[in-house]
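Asks: Coordinates for the following, if possible.
(chains A, B, C and D)
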There are 2 protein chains.
Amino acid sequence: MEKDFYTFSEYMKKEDDSLTASMEDYLEMIYRLSGRNGFTRINELSAALNVQPPSATKMVQKLSELKLIKYEKYGVIMLEEEGRLLGENLIKRHNVIANFLSLLGVPDEEILTETEKIEHTVSEQTMKCFNDFICFMNNNPDIRKKYISYIEGHKSNLL
Amino acid sequence: MEKDFYTFSEYMKKEDDSLTASMEDYLEMIYRLSGRNGFTRINELSAALNVQPPSATKMVQKLSELKLIKYEKYGVIMLEEEGRLLGENLIKRHNVIANFLSLLGVPDEEILTETEKIEHTVSEQTMKCFNDFICFMNNNPDIRKKYISYIEGHKSNLL
DNA sequence: AATGAAATTTACCCATGGCTAACTTATTTA
DNA sequence: TAAATAAGTTAGCCATGGGTAAATTTCATT
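Replies: Below is the predicted model:
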């Protein structure tokens, strides 16, 4: 009946089928960059994620071994069907969290950063709760307004 | 004017004064375990965090170098003043997040896990928003009830 | 006080995901 | 088409935070 604590590293360890946080970041970005032309390249990807090209190469090789993307040396990066689907869901998750934080009053300048940190940690179940909150606020504009003015009145206070 | 994406690793990198996620986990747990006797030991700590004793030793040596705890080989682990203060704040942060998730309808069995993952990622500002939400719900029990019944009605649906 | 058990440390090893430097391949362009 | 430039890869390094096996220290007990 004891509570069961683990370290962060333990929680973030890759499970059999799942991806690591960084793999998710890369796949998500590949999905975004593939939007225009249907493909991207190491250079574009590494620039978009603010990493050096060799880091991107390494990760792209991993994702390729996992059959999430199609890639051959010096070539173009394209999503495999499974990768496309996964990427799409990662983006959806990202957007739900960003919306959620926005509704909560997290300032615009912080939303991207906070979303990028949080998105890798939350369970499906928690995502559902975040989504419920969004829906609730959409269905109750009166409450939403009340909430907005409530947090407006708290802006200057410290925690 | 471009959005600025980074990988998760980049975000989670230790800054000058701040702690890594794992350091936070250890310090937080040392704080909890010190509650009863004013100290804890490697064994107790490693059991509480589900790591092997050598891992705990290593981290305890690091925290000791940072002057957050007092520790000598084979001895007892005690918080230094700075560590005590930090630990206290980590616990507060933990509790705010746990309350927040609970209010949102995250099921009890998941709250600890989700809290332990999220607590290392959110900014002060975001914490303030979480806290505002808690206060808002406490000040508006009518809305809180409405929200509870709203999510009750969504329990069976998928995202 | 000596011995055996328990607690702790040390010395390694592993994987992840960054990095740089140096090399290779591809693409421009003169 | 040859040379210059750009793009990408490889090899090898670093830090983090885990792990095991073997040594060491401490403590309890006889």
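
Asks: which other helices and strands contact the lengthiest helix in chain A?
Replies: Counting by DSSP state H, the longest helix found in chain A is helix A:81-104. In this structure, helix A:81-104 packs against helix A:21-37, helix A:108-118, helix A:124-139, helix B:124-139, with contacts taken as 3 or more CB pairs under 8 Å, 6 or more residues apart in numbering or on different chains; DSSP states H and E. Where you see a C-beta, it was placed from the backbone N, CA and C, and this is true even at glycine.

Asks: ok, and for the shortest one, which residues are buried?
Replies: If I follow you right, that is helix A:108-118. Neighbour counts using 16 or more other CB atoms under 10 Å in any protein chain shown place A:Glu110, A:Ile111, A:Leu112, A:Thr113, A:Glu114, A:Thr115, A:Glu116, A:Lys117, A:Ile118 of helix A:108-118 among the buried residues.

Asks: Could you do the third one as well?
Replies: Neighbour-count burial for helix A:124-139 flags A:Thr126, A:Met127, A:Lys128, A:Cys129, A:Phe130, A:Asn131, A:Asp132, A:Phe133, A:Phe136, A:Met137 (criterion: 16+ other CB under 10 Å).

Asks: now, which of those lie close to chain B?
Replies: Taking CB under 8 Å from any CB of the partner chain as the test, chain B is in contact with A:Thr126, A:Met127, A:Lys128, A:Cys129, A:Phe130, A:Asn131, A:Asp132, A:Phe133, A:Phe136 out of the buried residues of helix A:124-139.

Asks: just to revisit the earlier point, tell me the two of the buried residues of helix A:124-139 that are most distant?
Replies: Within the buried residues of helix A:124-139, A:Thr126 and A:Met137 form the most distant pair, 17.1 Å apart (CB to CB).

Asks: neighbouring contacts of stretch A:71-88?
Replies: By CB atoms under 8 Å, 6 or more residues apart in numbering or on different chains, the residues outside stretch A:71-88 that reach it are A:19, A:27-28, A:30-31, A:34, A:38-42, A:45, A:60-61, A:63-64, A:67-70.

Asks: PyMOL command to pick out the buried ones of these?
Replies: Buried residues among the contacts of stretch A:71-88 (16+ other CB under 10 Å), as a PyMOL selection:
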select buried, chain A and resi 19+27+28+30+31+34+39+40+41+42+45+60+63+64+68+69
